[in-house]
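Asks: build me a structure from this.
(one chain, ligands or ions: 1)
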Amino acid sequence: MSERLVELAKRRGFFFPASSAYGGTAGFYTYGPQGAALKRNLLESWREQFLTKEGHMEIDAPTVMPESVFEASGHLDTFDDMIVECPACEASHRADHLVEDATDIADAEGMSMSAVEETIAEHDIRCPDCGESLAGVEVSAFNLMFGTNIGPGSSSPGYLRPETAQGIFVEFSQLKEYARNQLPFGVGQIGRAYRNEISPRRSIVRVREFTQAELEHFIDPETDEPPLSRVEEVAVPLYSASAQAGDGETETMTIGAAAETGVVDDWIAYYLGVAAEWYERVGVDMDRFRYRQHQPEELSHYSSDCWDAEVEVDGNWIELTGFSYRGSYDLSKHDEYADEEFTLFRQYDEPITVERPTVDPDMSVLGPEYGSEAAAIAEELQRLATGNPDAFEGDTVTVSVDGEDRSIPVDVTGFAVEEVTESGEHITPHVVEPSFGIDRLIYTVLEHAYREDEVDGEPRTALGLRPGVAPTTVGVFPLMAKDGLADRAQEIVRRLRSEGYTVSYDDSGAIGRRYRRQDEIGTPYCVTVDYESLEDDTVTVRERDSTAQERVAVDELHTHLRSRMTNRQ
Ligand code: ATP
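Replies: Reported below is the predicted structural model:
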């Protein structure tokens, strides 16, 4: 099936390998006219569902970012996949994928490199390209980021972003101003991400340059709750970590029940509900869809709950989207590494009075006694007063400077406990992140829409795309290109285009062939102008899936199409 779909995708202008005139480069694809339009429609729909309806902001950050960003985010050290190189043909392979393909292990990504090495030897896994045994060959870590130099020379290294999320996190101090310093608020971004995948595969499912649509929802973990009532009735198939560990199965539950019973974190549950509604609307077959929870060994150390939206395509389950509760990890890391603060001021309902231990060291004593160390001693005294005020109860207090203990008389420290009124505190917001990959969604929507059937005794290939995302919404054909039929059809084309339809005009070949061409790109309606049209100003409207035809007055065409498309979305 995948070959037939990929062939259709190229022939009809959905997607095809890029730069093939120069031999092509694995992992890069160009979207043709139909694919670009389908992608645009999906992104518009995502924007509406996850940003506009939720009241979230959208930003558009650069795709190249300096190295320091990825030092802080951890990508430089840990954004690795496992690589094994064939000693005979030198082809590189993703070692965990070889293990998954050759054994019953469903997710080898969470295994250690030595365990993967052992499994390769144990099962005598061979190079998929030349058949050489990979037993005993070293498995190593390969960083997936594409590096570059910013400006001439190599003094300013940069990277193509491996996810759009960092472009949001690094601008937090600016973004919180736009949100008037009030939590919760969400910021989304749609854009390209780059990963130097070891072995790109399954056409646009695993590529080296792809489009993500990510949302970072910043929340106060103590006070903010998701609007669960909006999606509590939505039923979703959940494949929990415990079901995966035993031989449990996917269980369909409402979002309300999943949150209430604690199967899913509340915030994640909210977005699983919002996303399930959306997936169905854009044409994912919900009978081949599930939410799979990460197993403990898959979970990043900072993530407390993570679920992937998975779909079955070509007989395999693939990840479409990750939903992760990331806690304060991202903002804390940038707070630690960057010059700005990545916190937000949480105002108390009522100001509170707190006791605050302080010191006011007598530098006229410390200075002569400790010379250049005096300032460091004063700093240590303040730290000690905040962390352990009881230490000031005796006659002397001990602080350590450069590994040396210094005993300071308490009356020189100016220690006191002051009462202060505080109106709030600085907190690091938590982050809830739904992270969508759009290329995999495009593949899924096409694969789930692909059908081969028979019409009038002839085989036909069609894409049952939802009208809301179909790249072309109406095909218009004159029965013949003469006798004024073409002119009348062109008038209808102009009219429909001005009414917002994406129209394809086709006057070549037999009418049946023209229908087939539109069926193959998933056009939901075709309008045919014939001799009768010239007499009574009616046309034939043919629906793609049923191939049923109706006679409709040209003046009512817009109302007719609109009502049918709205019903079928
Ligand atoms: P995988 O395990 O399949 O490599 P991932 O868990 O690394 O994916 P995330 O980092 O969670 O993926 O990225 C979010 C989304 O971006 C994924 O769910 C997927 O849809 C998309 N994505 C990630 N890598 C690729 C890729 N190489 N090609 C196409 N889409 C991708």
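
Asks: use CA for all of it now, contacts and neighbours both
Replies: OK.

Asks: list the contacts of the closest residue to the ligand within the chain.
Replies: Per Cα to the nearest ligand atom, Gly437 is where the chain lies closest to the ligand, at 3.1 Å. Shown in contact with Gly437 (Cα atoms under 8 Å, 6 or more residues apart in numbering): Phe210, Thr211, Gln212, Ala213, Leu320, Thr321.

Asks: give me the element the fourth one is part of.
Replies: Taking DSSP states H and E as the definition, Ala213 sits inside strand 209-219.

Asks: same deal with the last one?
Replies: In this assignment (DSSP H and E), Thr321 forms part of strand 316-327.

Asks: give the other helices and strands that that strand contacts.
Replies: Contact here means 3 or more Cα pairs under 8 Å, 6 or more residues apart in numbering; DSSP states H and E; on that basis strand 316-327 packs against helix 266-282, strand 305-313, strand 430-437.

Asks: show me how the chain divides into domains.
Replies: 2-79+144-329+432-438, 80-142, 347-424, 472-567 (automatic domain parsing).

Asks: show me what contacts Asp439?
Replies: Contacts for Asp439 (Cα under 8 Å, 6+ apart) come out as Ile204, Val205, Phe210, Thr211.

Asks: can you give me the strands in the stretch 151-300 of the chain?
Replies: Under the criterion DSSP state E, counting those that start in this stretch, the stretch 151-300 of the chain contains strands at 157-160, 185-194, 209-219, 235-239, 251-254, 289-293.

Asks: hmm, the third one in reach of the ligand?
Replies: Yes - applying Cα under 6 Å from any ligand atom, one finds strand 209-219 in contact with the ligand at Phe210, Gln212.

Asks: hmm, who's touching that strand?
Replies: Under the contact criterion Cα under 8 Å, 6+ apart, strand 209-219 has outside partners 27-28, 43, 46, 50, 163-165, 168, 183-195, 429-439.

Asks: with stretch 302-315 instead?
Replies: By Cα under 8 Å, 6+ apart, stretch 302-315 touches 1-2, 264-265, 268, 288-294, 299, 317-327, 329, 444, 447-448.

Asks: how about that stretch: buried residues?
Replies: Ser303, Asp305, Cys306, Trp307, Asp308, Ala309, Glu310, Val311, Glu312, Val313 (16 or more other Cα atoms under 10 Å).

Asks: give me phi/psi at Ala338?
Replies: The phi/psi pair for Ala338 (degrees, to the nearest 10) reads phi -90, psi 170.

Asks: now do the one 5 residues further on
Replies: When read as degrees, to the nearest 10, the backbone of Thr343 gives phi -120, psi 170.

Asks: and for the one 10 residues further on?
Replies: Backbone torsions of Thr353, given as degrees, to the nearest 10, read phi -100, psi 130.

Asks: in contact with the closest residue in space to it that isn't next to it in sequence, which residues?
Replies: Excluding its sequence neighbours, the residue lying closest to Thr353 (Cα to Cα, 6 or more residues apart in numbering) is Thr421, at 4.3 Å. Going by Cα under 8 Å, 6+ apart, Thr421 touches Pro351, Ile352, Thr353, Val354.

Asks: any chance you could list what contacts the strand or helix carrying the last one?
Replies: Read it as Val354. Using DSSP H and E, the element containing Val354 is strand 344-358. Strand 344-358 is contacted from outside by 176, 181, 382, 385-386, 389, 414-429, using Cα under 8 Å, 6+ apart.

Asks: how does it look with 6 Å?
Replies: With Cα atoms under 6 Å, 6 or more residues apart in numbering as the test, strand 344-358 has contacts from 385-386, 415-427.

Asks: give the next helix or strand downstream of it.
Replies: helix 363-370.

Asks: what does the helix or strand following that following helix rub up against?
Replies: Remark: after helix 363-370, the chain's next helix or strand is helix 374-387, criterion DSSP H and E. For helix 374-387, contacts defined as Cα under 6 Å, 6+ apart pick out Pro357, Val359, Leu366, Gly367.

Asks: can I get stretch 81-89 as CSV, trimmed to CA atoms?
Replies: This file holds the C-alpha atoms of stretch 81-89, laid out as CSV (Å, rounded to 0.1, in the frame of the first residue of the first chain):
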residue,chain,number,x,y,z
ASP,A,81,20.2,8.3,18.7
MET,A,82,22.0,4.9,18.7
ILE,A,83,24.1,4.3,15.5
VAL,A,84,25.7,1.1,14.3
GLU,A,85,27.9,1.2,11.2
CYS,A,86,28.2,-1.9,8.9
PRO,A,87,31.9,-2.9,8.8
ALA,A,88,31.5,-4.3,5.3
CYS,A,89,29.5,-1.6,3.3
